[in-house]
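Trainee: need coordinates for the below:
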Amino acid sequence: MSVRHRATARESPAKLPPAGTPNQVGADSTQRLKSWADYRSEFPVFEDATYLNSCSLGALGTPVRRAIERCLDLWSSMGASAWYGPWWDELGALRRSVARLLGAGEEDVALCPSITAALSAVGSAFDYRLRPRVVIADIDFPTVSYQWLAKQSRGVEVVFVHSPDGLTVPLEAFEQAIDERTQLVATSHVYFQSGAIQDMAALAQLAHARGALLLVDAYQSVGQMPLDVRADGVDFLVTGGLKWLLGGPGIAYLYARREVRTALRPEIVGWFAHRDQFAFDITHLEYADDARRFEGGTPAIAAVFAGRAGLEYVHEITPARLRGRQVELTSALVEALRGAGLSPRLAGTVQGHAGIITVPVPDPSAAVQALARERIIIDSRPGVVRLSPYFYNTVEDIDRAVAALRRYVR
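Mentor: Numbering: from 1, shown residues only. Predicted coordinates for the structure are as follows:
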């Protein structure tokens, strides 16, 4: 089947959630089916650009912009009163939305301003004297390793598991690295430099078999594919609005498993971590019973509004359908790259990847700049360029980007 033929098939309407959602129309509760083109029309960047860089920053949808404007309108009309009404309600609504996406409960979710803040709170909660080791893959995002490298003066031992191909890490390598002195395995669900998917459930089993815990960096996975933190046995998971959850910067999410978190006392906290924060008890710190014990200070409320609006896309389309769309678009991308004489890097098959494909090219930064002059937005990492389609992209986007990349290489 040709790429063009597949593109036509993929423009069929996307199914919608049950009646009662914002897409419901008409007095008889009849739903209007939204096509991928309908969704695309809500992202203004496509009016004059080919955008294939969601792995760095998700495109801005008009509902997200409207959510931020609503936050500002409430600030303008209500002042501080907004905090104790609609703004406060939005915090709970966002926790519930994240929990629903992860297969967790609202009480399992903490809101943080960044992945760094979430990792800092978790990393501060352990006694490393008996279990000083933290196992990390050498292809994880640097923020993950920096968190524990900075604690080496306190006796923390960072053990790097080596990737043999720069794409993924065999489970056997993790198994060999985890021992009875391992406190935590901290690694990615999807590796940021390659898009390769790691088996979270298998990692959890390996960690738990040695008495260690598993922390998953899911920044590059949540939103692209279904997952269930409870079924997979994950102890901690971090993700955020910046990329595939379409909420922009300033908002990140931490899942903390109840059976683990209740015994932990994070040292990096703020007043939102207190069990009764409005008691303003300055002399006693009593941790919240739920995951809020990992929260810090007053959140950036505009980012909270944006984060929840971005999540609505994922809920509406559903992670399962998003995953199907990603496989289709990523397959088309790999086929187009190979047809252009380029060499996409794959860890096995396309099904083993999320929506990130990397391609070795001479001077990747120059390639990104060259394509940007044609209003084609991609990204680079050492030695490669990254292309990352999402549901709002089309095969025409892929064809245009690949043709430009081929011209650059030649």
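Trainee: would you mark the buried spots in stretch 52-71?
Mentor: Taking 16 or more other C-beta atoms under 10 Å as the neighbour-count basis, stretch 52-71 is seen to contain the buried residues 52-55, 58-61, 64, 67-68, 71. (C-beta placed from N, C-alpha, C; glycine too.)
Trainee: what's the closest of those residues to residue 78?
Mentor: The nearest member of these to residue 78, counting by C-beta to C-beta, is residue 71 at 10.8 Å.
Trainee: was I right to think the closest one contacts residue 301?
Mentor: Yes: here residue 71 reaches residue 301: they are 6.0 Å apart, a contact under C-beta atoms under 8 Å.
Trainee: residue ranges of each domain in this structure, please.
Mentor: In the assignment given by automatic domain parsing, the structural domains of the chain cover 3-55+318-409, 73-313.
Trainee: out of those domains, which gets the lowest mean score?
Mentor: When the domains of the chain are compared by mean pLDDT, domain 3-55+318-409 comes last with a mean of 84.
Trainee: how far off centre is it?
Mentor: Between the mean C-alpha point of domain 3-55+318-409 and the mean C-alpha point of its chain there is a distance of 17 Å (C-alpha atoms, centre = their mean, to the nearest Å).
Trainee: how about the strands in the chain?
Mentor: Using DSSP state E, the strands of the chain run over 50-51, 109-112, 133-137, 157-161, 182-188, 213-217, 236-240, 252-256, 357-360, 376-377, 379-381, 384-387.
Trainee: which one of these lies closest to residue 167?
Mentor: Comparing the strands of the chain under C-beta to C-beta, the one sitting nearest is strand 357-360, at 8.5 Å.
Trainee: could you tell me which residues within the closest one count as buried?
Mentor: By 16+ other C-beta under 10 Å, the buried positions in strand 357-360 come out as 357-359.
Trainee: stretch 357-373 too?
Mentor: Of the residues in stretch 357-373, those buried by neighbour count under the rule 16+ other C-beta under 10 Å are 357-359, 361, 364, 367-368, 370-371.
Trainee: and of these, the nearest to residue 154?
Mentor: residue 358 (35.7 Å).
Trainee: the closest one and residue 278: what is the separation?
Mentor: Computed as C-beta to C-beta, to the nearest Å, the residue 358 to residue 278 distance reads 49 Å.
Trainee: take the buried residues of stretch 52-71 and keep only those in helices.
Mentor: Here DSSP state H is the test, and these give 64, 67-68, 71 as lying in helices.
Trainee: returning to that earlier point: and among the domains of the chain, the most buried is which?
Mentor: Among the domains of the chain, domain 73-313 has the highest mean neighbour count (mean count of other C-beta atoms under 10 Å), at a mean of 19.
Trainee: and that domain, how far out from the chain's middle?
Mentor: Using C-alpha atoms, centre = their mean, the mean C-alpha position of domain 73-313 is found 11 Å from that of the whole chain.
Trainee: longest single helix anywhere in the protein?
Mentor: Longest helix in the chain by number of residues (criterion: DSSP H): helix 319-339.
Trainee: does anything pack onto that helix? Which helices or strands?
Mentor: For helix 319-339, the contact count by 3 or more C-beta pairs under 8 Å, 6 or more residues apart in numbering; DSSP states H and E identifies helix 3-10, strand 357-360, helix 395-409 as packing neighbours.
Trainee: need the ones you listed in TSV (columns: distance to residue 297).
Mentor: Putting the helices and strands packed on helix 319-339 into TSV (distance: least, C-beta to C-beta, whole Å) gives the following:
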stretch	distance to residue 297
helix 3-10	44
strand 357-360	37
helix 395-409	40
